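In: my questions concern the predicted model and sequence given below.
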Amino acid sequence: MREPTFAGLVSRWYEHNARDLPWRKPDVSPWAILVSEVMLQQTPVVRVLPAWQAWLDRWPTPAALAQDSPAEAIRMWGRLGYPRRAVRLRDCAVAIVERHGGAVPDRLEQLLALPGVGTYTARAVAAFAYGQRHPVVDTNVRRVVCRAVAGEPDAGPATRPADLVATEELLPVEPAAAALASAAIMELGAVICTARSPRCPACPVESICAWRASGQVAPAGPTRRPQRYAGTDRQVRGLLLGVLREATGPVPHQRLDQVWDDDVQRARALAGLVTDGLVEPVGEASFRLIGDGPPAPVPG
Ligand code: SF4
């Protein structure tokens, strides 16, 4: 009898234990999967769930989003964080319409060429939307592979080519099985083999895990502290964007001045929003979300 493989064990576990997430349902469109993958980067599932549904209710296809303004994309993004993703997702929708007739492409090189679609997202869409065989490597996958195969507690800094090779070696040859295994390894890292407290007794690969076999030597480095938010430029940017999202027209400088007392920090945050293409000046003394209305007159 053949020994169970890593992918086989994880996939079987996944089939019985995967979280019931809407973007995993069989009839979900490639566009809906692409949107989920962009939203899930840097944002927890629980916050993505309502935002993903609202986004797709409003823009069920790339063509629908491409017809709307970047300002509306930023408004719909709400408080998901890292709002440049909203603008890049709209840029991506425009490119899908212009280059692919409105259908999310299925070839990896075409996906990689889309705005805002990087190594991870392109492979995730190719695997999860089109059932192709590609290593899909996020932080969770890197950690699982590092522990289970190399016996190291933490994956350390990302080494993209090596990570892709190490993960690909674990995948079954058959594309659909490989895509299933990719989703399964990711889920294992998210809910069982977590960074801080892996639940090895509940893990489907405990019997063949190299780190478990080595006696689980704890990571040597200090535990990462959560990032501070209060008082940072990120907080000020969020407050400024909050005012601009609520507004129906250009917002005078004086109104934005009220969100934060520190003039230098507020000016820096506002300049950052302009540089990042999220906000644009209107005339000499007002601002609005990018593309929120007819082209702004050029100052001066
Ligand atoms: S046995 Fe423990 S360390 Fe190994 S993959 Fe499973 S949860 Fe992670």
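Out: Good, I have the coordinates. Here the structure is a predicted model, which is why all the values come from computation and not from measurement.
In: stretch 191-199: end-to-end distance?
Out: End-to-end distance of stretch 191-199 (Cα to Cα, to the nearest Å): 9 Å.
In: tell me which residues in it are buried?
Out: 192-193, 198 (16 or more other Cβ atoms under 10 Å). Backbone N, C-alpha and C define where each C-beta goes, glycine included.
In: so which of those is the closest to residue 99?
Out: residue 193 (38.2 Å; Cβ to Cβ).
In: quick one: secondary structure of that closest one?
Out: coil (DSSP: H, G, I helix; E, B strand; the rest coil).
In: same question for residue 116.
Out: The assignment at residue 116 comes out as coil when based on three-state DSSP.
In: which pLDDT does the model give it?
Out: pLDDT recorded at residue 116 is 94.
In: quickly note the distance from the residue most central in space within the chain to the ligand.
Out: With distances taken as Cα atoms, centre = their mean, residue 41 lies nearest the centre of the chain, 2.0 Å away. Remark: distance between residue 41 and the ligand (Cβ to the nearest ligand atom, to the nearest Å) = 22 Å.
In: out of the buried residues of stretch 191-199, which touch the ligand?
Out: Filtering the buried residues of stretch 191-199 for proximity to the ligand by Cβ under 6 Å from any ligand atom leaves 192-193, 198.
In: out of those, who's nearest residue 120?
Out: Lowest distance from residue 120 to these (Cβ to Cβ) belongs to residue 193, with 18.2 Å.
In: which residues touch that closest one?
Out: When contacts are counted by Cβ atoms under 8 Å, 6 or more residues apart in numbering, residue 193 touches 140, 143-144, 147-148, 199, 203.
In: nearest to the ligand, of these?
Out: Nearest to the ligand out of the contacts of residue 193 is residue 203 (Cβ to the nearest ligand atom; 3.0 Å).
In: which one is that closest one nearest to, not counting chain neighbours?
Out: Take residue 203 and drop its neighbours on the chain: the residue closest to it by Cβ to Cβ, 6 or more residues apart in numbering is residue 192, 5.1 Å away.
In: let me see the contact set for that neighbour.
Out: Applying Cβ under 8 Å, 6+ apart, the residues near residue 192 are 198-199, 202-203.
In: can you pull the residues of the stretch 151-300 of the chain lying near the ligand?
Out: With Cβ under 6 Å from any ligand atom as the criterion, the stretch 151-300 of the chain comes near the ligand at residues 192-193, 198, 200, 203, 205-206, 209, 211-212.
In: okay, now residue 115: neighbour count?
Out: By other Cβ atoms under 10 Å, 14 other residues sit near residue 115.
In: tell me how far it lies from residue 291.
Out: 15 Å (Cβ to Cβ, to the nearest Å).
In: before we move on, what about residue 25?
Out: For residue 25, the distance to residue 291 (Cβ to Cβ) stands at 33 Å.
In: between these two, who's got more neighbours?
Out: Each of residue 25 and residue 291 has its neighbours counted (other Cβ under 10 Å); residue 291 has more, 19 against 9.
In: that one and residue 68 touch, don't they?
Out: No: in this structure residue 291 lies outside contact range of residue 68 using Cβ atoms under 8 Å: 9.4 Å.
In: mind listing the helices for the stretch 151-300 of the chain?
Out: Ranges of helices within the stretch 151-300 of the chain are 160-168, 175-191, 210-213, 233-246, 253-257, 263-275, based on DSSP state H, counting those that start in this stretch.
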